[in-house]
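Novice: Sequence first, then the predicted structure, then my questions.
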Amino acid sequence: MSFDLKLNFINAAKVGETLRATGHVIHAGRRTAVAECRVAGQDGRLVRHGQRHVCGNARKGITQGSNAD
């Protein structure tokens, strides 16, 4: 199994600021999976963006619509 993780740091978060992270599976095939995560500040400003690509037995442990992974 191999994977690639890409993180983009867009803006700085303020000390004590509440952040909201949302993620979803973009693609879940038999051998590959791609997931995306966005972290935003209270005003909706994008703070971080991440994307993960997994090769191997990608479907094992991935549940579409789940926040567990």
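Specialist: Arrived safely. Numbering: from 1, shown residues only.
Novice: Just give me how far stretch 11-27 sits from the chain centre.
Specialist: Centroid separation for stretch 11-27 versus its chain: 9 Å, with C-alpha atoms, centre = their mean, to the nearest Å.
Novice: C-terminal to the lowest-mean-pLDDT helix or strand in the chain, what's the next element?
Specialist: For the chain, using mean pLDDT, DSSP states H and E, the weakest element among its helices and strands is strand 2-9, scoring a mean of 88. Downstream of strand 2-9, the first helix or strand assigned by DSSP states H and E is strand 20-28.
Novice: Go ahead and measure how far that next one is from the middle of the chain.
Specialist: Distance, centroid of strand 20-28 to centroid of chain: 5 Å (C-alpha atoms, centre = their mean).
Novice: in that strand, what's buried?
Specialist: The neighbour-count check on strand 20-28 (16 or more other C-beta atoms under 10 Å) flags Gly23, Val25 as buried. The C-beta positions use only the backbone N, C-alpha and C, and glycine is treated the same way.
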